[in-house]
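# Have a look at this fold, sequence not included:
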């Protein structure tokens, strides 16, 4: 379904760059990377001290080292100003280091949340908004408030059902 949004943005002349940072289900040469990515936590520091490397196997940063996708992403954010469109991502702690790198980058000018509206008309906007805040360092919370659009400025994410 991500391709649906990608193609729609391109059709509307929005410049889009896609990097499959977590891999691609349809490409065996770019395997899916599962795991956890909060290497900023105190728990990670403790795990890192253990002699058993198996504890580190499912931290995303070690999976990123198998392909060039992460470096492609870093190269991209260095080239010019960019906006981040959040579509269907919780922005939770499982991607903390990567999201912190993107959100706090000086070239990141705006973060747009496309929220999910449930049948009862409630949304996941506040959950995603709060999770994005958690990705910013405490001394960068002012940047969080500057960069993330408010609910009033956000849009409902179109839903597509295919069977």
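Yes, it's here. Because the structure is a prediction, the values reported are computed rather than measured.
# which SS class is the most far-flung residue of the chain relative to its centre?
Residue farthest from the centre of the chain, counting by Cα atoms, centre = their mean, is residue 51 at 30.6 Å. Of the three states, residue 51 takes coil under DSSP: H, G, I helix; E, B strand; the rest coil.
# start at 30 instead
Let's use 30 as the start, then, which means that last one is residue 80.
# Doesn't residue 92 lie inside a helix?
Yes. Under three-state DSSP, residue 92 falls within a helix.
# From residue 94, how far off is the residue farthest from the centre of the chain?
20 Å (Cβ to Cβ, to the nearest Å). For glycine as for every other residue, the C-beta is placed from the backbone atoms N, C-alpha and C.
# so where's this protein shaky on pLDDT?
The chain contains residues with pLDDT under 70 at 30-35, 37-38, 41-42, 189-192.
# for it, what's the longest strand?
Using DSSP state E, we find that the single longest strand of the chain is strand 137-144.
# Name the residues that touch it?
Residues from elsewhere that reach strand 137-144, judged by Cβ atoms under 8 Å, 6 or more residues apart in numbering: 106, 110-117, 131-132, 152-154, 157-158, 161, 176-178, 180, 183-186.
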